[in-house]
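Chemist: Predicted model and sequence below, questions to follow.
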Amino acid sequence: MRMRRTETPIRRKSVRGRGAGRPSGDDGDLRARLLHVAAAQFARAGIEATSLRAIASEAGVTPAMLHYYFGDKSGITQALIEERLLPALAPLRAHLEEAGDDPRALAEAFARGVGEIVARHPWLPSLWVREVLCEGGCLRELMFSQIVPNLPQMLAQRFASAQARGLLGAGLDPRLLVVSLVGLTLFPAAGAPIWRRAFGADELDTDALLKHTLALLDHGVAAPESGDPR
């Protein structure tokens, strides 16, 4: 309780000084904002390179405030996994379970599910690149054990089953089809600042990206046949 009495005046001063739209001082609101700031900082600089002091500075609080809510950086990382990553990814599994066994419906469900995640959590693709794809990323092993356990394998098995029934092209590898879907969704989202700048295409938002991805999955690069309204 001594720490709380010490930090409360700092917290209230920070909230008033940061202007409209900031938390009113409620503990739950402030904790949620600190976690949101931490997620954005981790996505920009990486978990290892981000200090509690940097998160506190961005949030307009003292480092002691982060210690009060999360302990050390491992505590805030675990909170990010449990309170942000897992809830963010849960709807994707639900989308896939509802899609049935048609491979086109499965691919569309994956693309739509990832599109919804990115729209709600724009920091997630960059965090995924830094902390899962890059060697030494802090979340790589957790991806297999905690974040998306068995999801890629489940999706590949359903594609393989569709292929065995003649519903998927024989030349496709079901496992690499999952990789391709990730490449069509998370990679463009993570690289959006680069390709938007390269093409001067700030108007291409997540909805435009999803529409393009679905068209590519449905038709490839071939022009539609004459009379095909799609």
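Modeler: Received, thanks. Numbering: from 1, shown residues only.

Chemist: Closest to the centroid, which residue in this structure?
Modeler: Residue closest to the average C-alpha location in the chain (C-alpha atoms, centre = their mean): L124, at 2.8 Å.

Chemist: who touches that one in this structure?
Modeler: 43, 85, 88, 117-118 (C-beta atoms under 8 Å, 6 or more residues apart in numbering). Every residue, glycine included, has its C-beta placed from N, CA and C.

Chemist: possible to save those residues as JSON lines with pLDDT, distance to R175 and neighbour count?
Modeler: Shown next, in JSON lines, are the contacts of L124 (pLDDT from 0 to 100; distance: C-beta to C-beta, whole Å; neighbours: other C-beta atoms under 10 Å):
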{"residue": "A43", "pLDDT": "94", "distance to R175": "28", "neighbour count": "22"}
{"residue": "L85", "pLDDT": "92", "distance to R175": "23", "neighbour count": "22"}
{"residue": "A88", "pLDDT": "91", "distance to R175": "24", "neighbour count": "18"}
{"residue": "I117", "pLDDT": "92", "distance to R175": "22", "neighbour count": "23"}
{"residue": "V118", "pLDDT": "91", "distance to R175": "23", "neighbour count": "22"}
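
Chemist: and which of those residues is nearest V221?
Modeler: Relative to V221, the closest of those is V118; by C-beta to C-beta it sits at 23.5 Å.

Chemist: Enumerate every residue touching the closest one.
Modeler: Listed by C-beta under 8 Å, 6+ apart, the contact set of V118 reads 124-125, 185-186, 189, 206.

Chemist: Tell me the one among the contacts of L124 nearest to R140.
Modeler: R140 lies nearest to L85 out of the contacts of L124, by C-beta to C-beta, at 13.2 Å.

Chemist: Just put the contacts of V118 in JSON lines and tack on pLDDT and distance to H219.
Modeler: As requested, the contacts of V118 are exported to JSON lines (pLDDT from 0 to 100; distance: C-beta to C-beta, whole Å):
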{"residue": "L124", "pLDDT": "94", "distance to H219": "28"}
{"residue": "P125", "pLDDT": "93", "distance to H219": "25"}
{"residue": "T185", "pLDDT": "93", "distance to H219": "17"}
{"residue": "L186", "pLDDT": "92", "distance to H219": "22"}
{"residue": "A189", "pLDDT": "92", "distance to H219": "21"}
{"residue": "T206", "pLDDT": "85", "distance to H219": "21"}
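
Chemist: Now the buried members of those residues.
Modeler: Buried members of the contacts of V118, scored by 16 or more other C-beta atoms under 10 Å, are 124-125, 185-186, 189, 206.
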